[in-house]
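Colleague: make a model of this:
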Amino acid sequence: MDTVRRKRRDFFQNIAIVVLMLSAVALFVQTQLYNLNQDNDYFRSLSAGSTASQSAPTSLADLSAPVRIAVTGDYGHYGNVQMTTTDKAFTESLRSLLRGALGSAQTFTPCSGEEFLSAISGVSIYYDFLNSLPLSVLAGLVGEASDNETISARQLVLADRGEDGVRLYLSDGSTYLSCSVAVSASRLADTVSSYELGGAFFAFESAEAEPLFASLAPCSLFLNPLPQVSALSAKTPLSDTDWLLSALGFNPNTKSRYTESSGTEVIIRGDCSLRIRSDGTVSYDGGSTPTLQISAQEDATVNQRILAVQSLLNSIFSNFSSDASLYLVSVQASGSSMVLRFGYQVEGVPIRFSNNADAAMVTLSGSDVTSLTLRVRQYSHTGELASLLPLRQSLAIAAQTPGGELSIGYTDRGGDTADAPCGCCWPWSPLQAPGTG
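Modeller: The predicted structure follows:
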């Protein structure tokens, strides 16, 4: 009996020993692969896994982009300069109207700037996306499919033109186009009537009464009273950069890692490099054989590539919480190559750096990320309201740059704010050339 028990005990002990040995071998192999850090397939799987673990957007309509709105009726304008494309106030009616217009638009014909401004002055809804983007992207932001990547626009007006019906007007700041659309005048009128009018005006409407307005871009939008903007604190969350290396597929324990005299941290992987500056600027260079990729096919559309890049950026920025989010600023595409630029925004109000840097810039060649630049900053509401410049003072400053646009935003002056929040972000009135955002 003892012999049978001993054999049974030895049998289970041998199984346990084998399992432990296999576990040890698997752990050893995994550790060696990680430390060698030379396997492209491993890097790609890590990058894809990091992206997939986050809540990836499934369409451009999931992305939150700033949009300024002016609703015009017989008794003036309603205006909103603190809105995004995912806000309930936008999605309830404003988005569906624009979606129907873009979905039914056929052939656009040139029109004049005067006709564009005339459309704004009548029963209409004005949409300003701050930056000129391909029509396919704008349509995607409101949930409409479009393959029109040749026309770009920043400002769109849906206007009742009497006997000509409802027309859609587009402007990129220099070119003006219009097209008839299948949106009924009664539906447009019903939407306009749901807003309280009279609290907004455009610069071109006050140019005769106040010469300072004449020096501005005609579609500079003003609210009366001025809107209230939350004060923000900001910091650079890079006191520990290991998470960033992991997010970009670099081994935090690599020996090919050093700090330059300027404080810039440099990480090398083959002929790929990663540079992290103390101000939060991160630069990835894919070298001759980029190993960082987006989850998109070689023949992916512009919108599909934008979604894939947004997913990649979300996976990086999800390592810390922030009251700001990224939004698409520009798209430059040529064949399989593409450059995407992103900015920060808080509740529809853009944040711009004093050196005009992008929050993120991604260069693609097919599905390869050949270069990636980030300005990693973390923003938080302070619970207080920010102080805006008095309108008169802002107008006087704007008058020094004729044709510039006066608008509300934040400016981030950077500085040594990695340890604690500081008041380095103040609302400003940036002067911008029409159509540049």
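Colleague: neighbours around R392, how many?
Modeller: Per other Cβ atoms under 10 Å, the neighbour tally for R392 reads 9. Where C-beta positions appear, they are placed from N, C-alpha and C, glycine not excepted.
Colleague: offset the numbering so it begins at 581, please.
Modeller: Happy to do that; since the first residue is 581 now, the last one works out to R972.
Colleague: mind listing the helices for the stretch 881-1017 of the chain?
Modeller: 882-897, 971-978 (DSSP state H, counting those that start in this stretch).
Colleague: scratch that, the stretch 681-830 of the chain
Modeller: Going by DSSP H, counting those that start in this stretch, the stretch 681-830 of the chain shows helices at 693-701, 715-721, 765-773, 791-794, 822-827.
Colleague: what is the mean pLDDT for whichever strand or helix holds G680?
Modeller: Assigned by DSSP states H and E, G680 falls within helix 674-684. Helix 674-684 shows a mean pLDDT of 96.
Colleague: and if you look at stretch 779-796?
Modeller: 92.
Colleague: where in the stretch 681-830 of the chain is pLDDT low?
Modeller: Along the stretch 681-830 of the chain, segments meeting pLDDT under 70 are nowhere present.
Colleague: among the helices of the stretch 681-830 of the chain, show me which one is buried the most.
Modeller: A comparison of the helices of the stretch 681-830 of the chain by mean neighbour count, using mean count of other Cβ atoms under 10 Å, puts helix 715-721 on top with a mean of 25.
Colleague: so what touches that one?
Modeller: With contacts defined as Cβ atoms under 8 Å, 6 or more residues apart in numbering, helix 715-721 is touched by 639-641, 643, 645, 665, 679, 682-683, 709, 725-729, 731-733, 736, 750, 881-883, 886, 908, 911.
Colleague: are any of those buried, and which?
Modeller: Buried by 16 or more other Cβ atoms under 10 Å: 640-641, 643, 645, 665, 679, 682-683, 709, 726, 731-733, 736, 750, 882-883, 886, 908, 911, out of the contacts of helix 715-721.
Colleague: could you tell me which of those residues are located in strands?
Modeller: The strands, defined by DSSP state E, take in F709, S732, A733, L736, L750, L908, V911 from the buried ones among the contacts of helix 715-721.
Colleague: now the fifth one: how far from E776?
Modeller: For L750, the distance to E776 equals 27 Å [Cβ to Cβ, to the nearest Å].
Colleague: P970: neighbouring residues, count only.
Modeller: When neighbours are counted by other Cβ under 10 Å, P970 registers 10.
Colleague: same check, this time on the one 3 residues further on
Modeller: The number of residues packed near Q973 is 11, by other Cβ under 10 Å.
Colleague: so G923 bridges to which residues?
Modeller: Applying DSSP bridges to G923 yields these beta-bridge partners: Y907.
Colleague: which residues sit in contact with it?
Modeller: L906, Y907, V909, P930, I931, R932, D938, A939.
Colleague: in terms of pLDDT, where does the fourth one sit?
Modeller: In the prediction, the pLDDT value recorded for P930 is 94.
Colleague: OK, contacts around the residue most central in space within the chain?
Modeller: With distances taken as Cα atoms, centre = their mean, the residue of the chain nearest its centroid is Y907 (1.1 Å). Listed by Cβ under 8 Å, 6+ apart, the contact set of Y907 reads L643, S644, A645, P646, F922, G923, Y924, Q925, P930.
Colleague: if you set the cut-off to 7 Å instead, what comes out?
Modeller: S644, A645, P646, F922, G923, Q925 (Cβ atoms under 7 Å, 6 or more residues apart in numbering).
Colleague: and T871, its phi and psi?
Modeller: phi -110, psi -10 (degrees, to the nearest 10).
Colleague: wait, it touches L854, no?
Modeller: No. Using Cβ atoms under 7 Å, T871 is not in contact with L854, being 11.5 Å away.
Colleague: nothing else from me, thank you.
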